[in-house]
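A.B. asks: Need coordinates for the below:
(one chain, ligands or ions: 1)
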Amino acid sequence: MQGANGKGEPAKDMASEAYLRQLRETFEQLPNDIPLLLFVDRSRDNVFAQATRQVIRAFRELSQRITLKEYDLAHELARRYQVESSPTLLIAPGKYAIRWLGAPMGEEARTFLETMILVGSGRSNLSDQSRNVIRRIDAPRRIKVFVSPTCPYCPQQAVNAVKAAIELPEQISLEIIDIQCEPDLANQYSAQSVPQAFANDILIGHGAQPEEVFALSLQKLEPQTLFIPESDAEQVETDVLIVGGGPAGLTAGIYAERSGLKTAIVERQALGGQVATTPVVENYPGFTSVGGKTLVDIMVSHALQYVQIFPGEGVLDIQYGSPIVVQTSRRKFLTKTVLLATGANHRPLNVPGESRLAGRGVSYCSTCDGPLFKGKDVVMVGGGNSAVTEALHLFHMGVKVTLIHRRDSFRAQEFLTRQVVDNQIPVLWNSEIREIQGEERVREIVVFNHATQHTTTLPTDGVFIAIGYEPAVELARKMKLDLTEDGYIKQDGRHRTSRPGIYCAGDVEGGYKQIVTASGQGAEAAMTIFEDLINPYWLQAR
Ligand code: NAP
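C.D. replies: Model prediction:
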């Protein structure tokens, strides 16, 4: 990005200076020291150890509260703390049992920052609802969260675990494990996709969970999908509640607040939706080429200047009325209008072995899980822009990828398909996966070729699936909104659904499904809502 000074200096300088100033102030106000103990095998000092030192050095420049002592893995303290891997970072070991195996780089720097602040404050910052659940734990919980630096979902789950470990240090210990640094440990747990959380060696969460759902899974020692808050949950009043923090929701938030409407956005998973895991975006105006997550970060920072965002909060129920009552896993929103910008969920292949081996070699996110397959053989299923973009991403990170497509030509744009040819990425045309096989993890696939009518077995370490998306219409269904024949939310051309006061935007309403069109729909929907709140069309119709 070019600076406004016309000299080509990075425009981010001023913004990052302000951000660093704010961080320094935050650290200054923390009441507690943050001692870090780093254990490294100095006879085999590796890139992860060097990266960890670098990250900690950067953090120590922010605050003198952070202190670092480094020991060799052979030191007697390593034995005392039962440290066996290099690098291992113990965080305030006198108070908490939180350790990091690997380097807190990339997306994980966010987790590390939040951990430093929570440890320095001495408070877990859990919601009242989560705290009540964690406080009911009366036996040890040894948590392991597997993460990767390229996974935008991971910080949410890792921070959930950090908060739990800070809330109940007498019972809860935590290891945050970078799968790239600790592939053997990841293999031992068959953790081939991130994030995955285990407690006492039992899988309690696959993917990022809302905080309360994580707390309940940890307490019950089995994965939960739902958390019903207690009745004294907080209430928030809004003019517009936006469900979904992808490009449509974020843009609508900016437009609605700028129109003077009190607005909030709730997002149960990663902000940015599908864009957060898109390796590279090359068709969003203003950016010739930008990482999906970088684009999301820019959009989120922009939206946060106007609108309050509640991440990690899933909507459980919407009761239609005046006001409309939206119950999330944490609080109740009393709102005049709701904008459903819930996007779409990845489409499953629906073949035997797929769900059993999900996270065990079957993956829907090359950005998150690709690094674990460097040097290995994987297949990428699909023939659209997603499959081709992601196959190229895997190829460039050193994964041996083969595309499998059910037709004899791609649906993806010519610009992308040319790169498949140029890079000599193998393609199995006219082919469909009939079964994914393996015991603990993916070992092979059964492939049927339509042209030859032959069925063959192909050994592979991973199956990446990018065969499109299905609109996320669970809430719309619950509210009995009209849907189109293709299953999208039906709207009147101005983003009004079949129920007054309920609107939609983005992939959930169909259309071109591009980032720029989703943003456009979000802006339009916010403007319609503004006009309708001034001049309610549903009252005129009476
Ligand atoms: P898509 O465009 O719907 O393509 C899905 C692909 O998966 C198609 O090739 C389809 O085959 C195949 N497929 C569907 N069901 C299948 C099944 N059961 N078994 C095997 N193959 C199956 O989906 P997408 O690639 O995820 O893209 C979604 C939207 O995002 C699109 O609008 C796309 O343009 C957009 N997008 C844009 C970019 C970009 O502009 N750079 C990047 C990513 C996504 P058929 O061809 O036989 O139908």
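A.B. asks: Pop out the phi and psi values for the closest residue to residue 412 other than its chain neighbours.
C.D. replies: The shortest distance from residue 412 to any non-neighbouring residue, by CB to CB, 6 or more residues apart in numbering, is to residue 388 (4.0 Å). The C-beta positions use only the backbone N, C-alpha and C, and glycine is treated the same way. Main-chain torsions, residue 388, degrees, to the nearest 10: phi -70, psi -40.
A.B. asks: tell me the pLDDT at residue 388?
C.D. replies: We have a pLDDT of 97 for residue 388.
A.B. asks: again with residue 43
C.D. replies: According to the prediction, residue 43 has pLDDT 85.
A.B. asks: Can you list phi and psi of it for me?
C.D. replies: Torsion angles, degrees, to the nearest 10, at residue 43: phi -70, psi -20.
A.B. asks: Look up how far residue 86 lies from it.
C.D. replies: Per CB to CB, to the nearest Å, residue 43 is found 9 Å from residue 86.
A.B. asks: More neighbours: which of those two?
C.D. replies: The neighbour comparison of residue 43 against residue 86 (other CB atoms under 10 Å) goes to residue 86, with 23 against 9.
A.B. asks: Just give me the neighbour total for the residue lying closest to that one once chain neighbours are set aside.
C.D. replies: Excluding its sequence neighbours, the residue lying closest to residue 86 (CB to CB, 6+ apart) is residue 41, at 3.7 Å. Residue 41: 17 surrounding residues under other CB under 10 Å.
A.B. asks: Also residue 50?
C.D. replies: Using other CB under 10 Å, residue 50 is surrounded by 13 other residues.
A.B. asks: check contacts around the most centrally placed residue in the chain.
C.D. replies: When the chain is reduced to its mean C-alpha position, the nearest residue by CA atoms, centre = their mean turns out to be residue 153, at 2.3 Å. By CB atoms under 8 Å, 6 or more residues apart in numbering, residue 153 lies in contact with 194-195, 207-208, 269-270, 276-277, 365, 368.
A.B. asks: shouldn't the residue nearest to residue 412 be in contact with residue 415?
C.D. replies: No - the criterion here is CB atoms under 8 Å, and residue 388 misses it with residue 415 at 9.6 Å.
A.B. asks: neighbour-wise, which of these two wins?
C.D. replies: The neighbour count for residue 388 versus residue 415, taken as other CB under 10 Å, is higher for residue 388 (27 against 11).
A.B. asks: what's the spacing between that one and residue 461?
C.D. replies: From residue 388 to residue 461 the distance is 21 Å (CB to CB).
A.B. asks: go on, residue 395?
C.D. replies: Distance, residue 395 to residue 461, by CB to CB: 15 Å.
A.B. asks: what's the answer for residue 528, then?
C.D. replies: Using CB to CB, one obtains 49 Å as the distance from residue 528 to residue 461.
A.B. asks: cool, and residue 363?
C.D. replies: Per CB to CB, residue 363 is found 11 Å from residue 461.
A.B. asks: between those two, who's got more neighbours?
C.D. replies: residue 363 (27 against 20).
A.B. asks: I figured that one hits residue 193, correct?
C.D. replies: Yes - the pair residue 363 / residue 193 is scored as a contact, 4.9 Å apart, by CB under 8 Å.
A.B. asks: Now the common contact residues for those two.
C.D. replies: Shared contacts of residue 363 and residue 193 (CB under 8 Å, 6+ apart): residue 369.
A.B. asks: number of nearby residues for residue 199?
C.D. replies: 27.
A.B. asks: List the contacts of it.
C.D. replies: By CB under 8 Å, 6+ apart, residue 199 lies in contact with 141-144, 217-218, 221.
A.B. asks: among these, which are within reach of the ligand?
C.D. replies: Filtering these for proximity to the ligand by CB under 6 Å from any ligand atom leaves nothing.
A.B. asks: Quick check: phi and psi on the closest residue to the ligand within the stretch 201-350 of the chain?
C.D. replies: Closest contact between the stretch 201-350 of the chain and the ligand, by CB to the nearest ligand atom, is at residue 283 (5.0 Å). Residue 283 adopts backbone torsions of phi -130, psi 20, taken as degrees, to the nearest 10.
A.B. asks: right, and it touches residue 512 too?
C.D. replies: No - with contact defined as CB under 8 Å, residue 283 and residue 512 do not form a contacting pair (11.3 Å).
A.B. asks: For those two, indicate the residue with more neighbours.
C.D. replies: Shown here are residue 283 and residue 512; by other CB under 10 Å, residue 283 has more neighbours (13 against 10).
A.B. asks: Identify the residues contacting that one.
C.D. replies: By CB under 8 Å, 6+ apart, the residues touching residue 283 are 514-516.
A.B. asks: ditto for residue 318
C.D. replies: Counted by CB under 8 Å, 6+ apart, residue 318 has contacts 324-327, 338, 475, 478-479.
A.B. asks: what's downstream of the strand or helix carrying residue 55, the next helix or strand?
C.D. replies: Here residue 55, judged by DSSP states H and E, is contained in helix 47-60. Proceeding N to C from helix 47-60, the next assigned helix or strand is strand 66-72, under DSSP H and E.
A.B. asks: got the angle between that following strand and helix 47-60?
C.D. replies: 160 degrees (axes from the mean of the first three to the mean of the last three CA atoms, to 10 degrees).
A.B. asks: Tell me, how many residues neighbour the one residue in the chain that gets nearest to the ligand?
C.D. replies: The nearest approach of the chain to the ligand comes at residue 384, 2.4 Å away (CB to the nearest ligand atom). If you count neighbours by other CB under 10 Å, residue 384 ends up with 17.
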